[in-house]
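**Q** Pasting a predicted model and its sequence here:
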Amino acid sequence: MKIFSRLTIATKMTMGYFPLALIIVILSCYTLVNLNALGDINRSIVANNMAIIEACDKLTNNLLAQEGYGQRYLILKSDEMLTLFSKRDIEFEKILKDLGNITEAEKEKIQELISIHSRYDKLYFYLFNLDEKSFNQIQSAKEEQIKKSLDYQLNSIRKMMINTKKSLENKTLKADTFSTRAFYVVAFLSLLGIIVGIGIALFITRSVARSINQLKLAALKFSEHKFDFVPDVNEYDEFGTLSRALTSMAEQLSKLKKMDIDTSPLTRLPGGMAVENFLHQKIKYGQKIAFCLLDIDKFKSFNDRYGYARGNDVIKFTGDLIRRVVTEIMSPDSFVGHIGGDDFVVIVPFNSFDTICEEIINKFDKNIVKFYDKEDLEKGYIISKTRQGEISEFPIMSISIAVVTNKDDLSLSSVKIGELAAELKEYAKTFEGSIYLTDRRKKIGCQENTK
């Protein structure tokens with residue numbers, strides 16, 4: 001039976017339908033033609049559509065990151081921000097060039113994007129090189145030009161992705177048509193074989209019909225974006241190969257679908273856009289919520305002391321800790337996001353933030369010491385450089401949480417809530433140890449690190 005399952009379709013048909021050699025040839029040829037057509041569609045999807053969608057996601061992420069670094073440089077004048085800004089610029093242009101090698105249809109749009117992005121870079125570098133007086137005089141006008149350029153680039157990338165997804169849907173529907181047509185034609189020819197062949201012919205036909213039906217069902221499911229469906233085809237023939245190809249394609253499509261959600265690549269938590277959307281929905285429907293902005297204190301010094309790899313471990317640990325605490329304490333009507341670096345966001349019903357903040361602080365303070373070397377832990381501090389380049393002692397990391405609620409003012413906008421939280425977070429960071437504060441500037445809870 002196992003050996004039989006490894007035979008090709010043509011060999012199986014020959015064994016069961018010697019008297020009907022002509023029918024076998026017709027059936028095999030027609031099936032192979034359709035399989036080849038489906039294979040071409042699948043290869044086109046993987047090599048073209050999926051590659052373009054992935055590239056568009058990367059372009060969007062790079063552009064938003066570059067914008068963030070540019071704005072930070074204008075405020076901080078940090079060489080690190082300028083380096084990261086230039087790095088993102090190089091990556092953006094490389095992705096665009098690679099994208100131009102993938103698609104001919106979008107080459108004109110890609111060239112336009114390259115030109116627009118070049119002007120976008122020049123606007124930023126023009127601002128970078130201005131003295132403070134000149135910068136203040138033209139800041140508003142130039143930043144408006146930068147915003148328009150950024151919006152235009154994002155819209156162009158979004159349109160390119162929409163066009164690619166429409167093409168992907170068309171190809172999926174075309175694959176469904178091929179599968180459906182192949183099913184009925186092969187089923188008809190197989191019925192003739194059943195009448196003549198009896199016995200083994202019936203077995204072979206059922207095997208073929210079952211495989212085609214599974215592939216047809218898979219094509220229908222995939223066209224409905226149900227990528228978790230796995231065709232029940234265990235054969236090693238052409239149908240089995242196509243089934244595995246379809247399953248592999250579905251897995252990649254599922255990954256791309258998940259990539260559409262704004263997530264942090266480090267913690268796999270939703271990012272800034274998802275935070276904004278969730279908060280906007282809560283405000284829109286008049287729900288009373290607590291917006292918690294979390295920040296790790298002394299993280300930069302830890303990063304400088306132990307390196308980015310261990311720093312990333314701290315970020316991932318913090319994200320997992322926050323997610324676990326919120327999941328254990330809250331109902332599904334809550335949100336945990338990672339807006340970049342060591343900044344996290346928690347959005348919960350306003351009457352639940354005390355318990356959540358206290359639990360986060362308790363578990364953070366209890367476990368953060370595991371990331372330090374023994375000698376530093378015994379001292380209770382590490383030696384690193386300040387932002388001004390001076391050598392200083394930095395205590396064990398703590399966590400500051402700024403909590404803004406709309407309990408008393410449902411008219412607060414998401415922008416205003418974000419501004420209040422950012423301002424309150426800076427105030428919270430002036431305290432030693434882990435702490436959470438509310439927007440009334442009243443200290444609700446404080447746990448000081450005594451290490």
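**A** Right, received. Where do you want to start? Numbering: from 1, shown residues only.
**Q** need the strands for this structure, in chain order.
**A** For the chain, the strands defined by DSSP state E occupy 289-297, 335-340, 343-349, 381-385, 391-395, 398-405, 434-438, 443-447.
**Q** chain center to the longest one: distance?
**A** Yep, that's strand 289-297 we're talking about. Distance of strand 289-297 from its chain centroid, counting by Cα atoms, centre = their mean, to the nearest Å, is 22 Å.
**Q** Can you name every helix or strand that the longest helix belonging to the chain contacts?
**A** Ranked by residue count and defined by DSSP state H, the top helix of the chain is helix 132-197. Contacts defined by 3 or more Cβ pairs under 8 Å, 6 or more residues apart in numbering; DSSP states H and E place helix 132-197 against helix 9-16, helix 21-44, helix 50-76, helix 107-128, helix 199-223. Using the backbone N, CA and C atoms, a C-beta is placed for each residue, glycine as well.
**Q** now it against helix 107-128, angle please.
**A** Put simply, helix 132-197 runs at 150 degrees to helix 107-128, going by axes from the mean of the first three to the mean of the last three Cα atoms, to 10 degrees.
**Q** residues touching the spatially closest residue to F128 that is not a sequence neighbour, list them.
**A** In space, and not counting its chain neighbours, F128 is closest to Y73: 6.5 Å by Cβ to Cβ, 6 or more residues apart in numbering. Residues in contact with Y73 (Cβ atoms under 8 Å, 6 or more residues apart in numbering) are M81, L82, F85, F128.
**Q** Now, those residues that are in helices?
**A** Judged by DSSP H, helices contain the following of the contacts of Y73: M81, L82, F85, F128.
**Q** In a markdown table, list these along with distance to R387, pLDDT and neighbour count.
**A** Shown next, in a markdown table, are the ones in helices among the contacts of Y73 (distance: Cβ to Cβ, whole Å; pLDDT from 0 to 100; neighbours: other Cβ atoms under 10 Å):
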| residue | distance to R387 | pLDDT | neighbour count |
| --- | --- | --- | --- |
| M81 | 12 | 88 | 19 |
| L82 | 15 | 85 | 18 |
| F85 | 18 | 87 | 22 |
| F128 | 19 | 81 | 15 |
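**Q** and T263, how many neighbours does it have?
**A** 17 (other Cβ atoms under 10 Å).
**Q** swap in L63?
**A** Neighbours of L63 using other Cβ under 10 Å come to 22.
**Q** for it, what are its contacts?
**A** R88, F92, H117, L150, Q153, L154, I157.
**Q** So it versus E132, what's the distance?
**A** Counting by Cβ to Cβ, to the nearest Å, the gap from L63 to E132 is 27 Å.
**Q** which of the ones in helices among the contacts of Y73 lies closest to K416?
**A** Nearest to K416 among the ones in helices among the contacts of Y73 is M81, at 26.4 Å by Cβ to Cβ.
**Q** wait, what's in contact with E359?
**A** V325, I329.
**Q** got it, and the one 5 residues further on?
**A** With contacts defined as Cβ under 8 Å, 6+ apart, F364 is in contact with T318, L321, S398, I399, S434.
**Q** In TSV: these, plus pLDDT.
**A** Output for the contacts of F364, formatted as TSV (pLDDT from 0 to 100):
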residue	pLDDT
T318	96
L321	96
S398	96
I399	96
S434	95
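**Q** Would you mind listing the two of those residues that lie farthest apart?
**A** For those, with distances taken as Cβ to Cβ, the pair at the greatest spread is L321 and S398 (13.5 Å).
**Q** Neighbour count: those two, which is higher?
**A** The neighbour count for L321 versus S398, taken as other Cβ under 10 Å, is higher for S398 (24 against 19).
**Q** what are the bridge partners for the more buried one, then?
**A** D297 (DSSP bridges).
**Q** can you check G337 too?
**A** Beta-bridge pairing of G337 under DSSP bridges involves V345.
**Q** quick one on the thing from earlier: what about the strands of the chain, which gets the closest to K122?
**A** Once the strands of the chain are compared by Cβ to Cβ, strand 335-340 is nearest, at 25.8 Å.
**Q** residues of the closest one that come out buried?
**A** F335, V336, G337, H338, I339 (16 or more other Cβ atoms under 10 Å).
**Q** swap in stretch 46-61?
**A** Of the residues in stretch 46-61, those buried (16+ other Cβ under 10 Å) are 48-61.
**Q** can you put these in TSV and add distance to K425?
**A** Below are the buried residues of stretch 46-61 laid out as TSV (distance: Cβ to Cβ, whole Å):
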residue	distance to K425
N48	45
N49	42
M50	40
A51	40
I52	39
I53	36
E54	34
A55	35
C56	33
D57	29
K58	30
L59	31
T60	27
N61	24
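**Q** nearest to R305, of these?
**A** Nearest to R305 among the buried residues of stretch 46-61, with distances taken as Cβ to Cβ, is N61, at 28.7 Å.
**Q** give the contact list for Y124.
**A** Per Cβ under 8 Å, 6+ apart, neighbours of Y124: G70, F85, I146.
**Q** thinking again about what came up before, can you tell which of the strands of the chain is closest to V233?
**A** strand 335-340 (39.4 Å).
**Q** Nearest to I347 among the buried residues of strand 335-340?
**A** For the buried residues of strand 335-340, the residue nearest I347 by Cβ to Cβ is F335; the value is 4.1 Å.
**Q** didn't the closest one look like it was pressed against V275?
**A** Yes. Counting by Cβ atoms under 8 Å, F335 touches V275, with 7.3 Å between them.
**Q** shared neighbours of the two, anything?
**A** Contacts common to F335 and V275, judged by Cβ under 8 Å, 6+ apart, are V345, I347.
**Q** For Y436, grab the count of nearby residues.
**A** For Y436, the count of nearby residues is 26 (other Cβ under 10 Å).
**Q** What sits closest to it if chain neighbours are left out?
**A** If you skip the residues right next to it in sequence, Y436 has I401 as its closest partner in space, 3.6 Å away by Cβ to Cβ, 6+ apart.
**Q** what's the one you found in contact with, if anything?
**A** By Cβ under 8 Å, 6+ apart, I401 lies in contact with C292, L293, L294, D295, C357, I360, I361, K425, A428, I435, Y436, L437.
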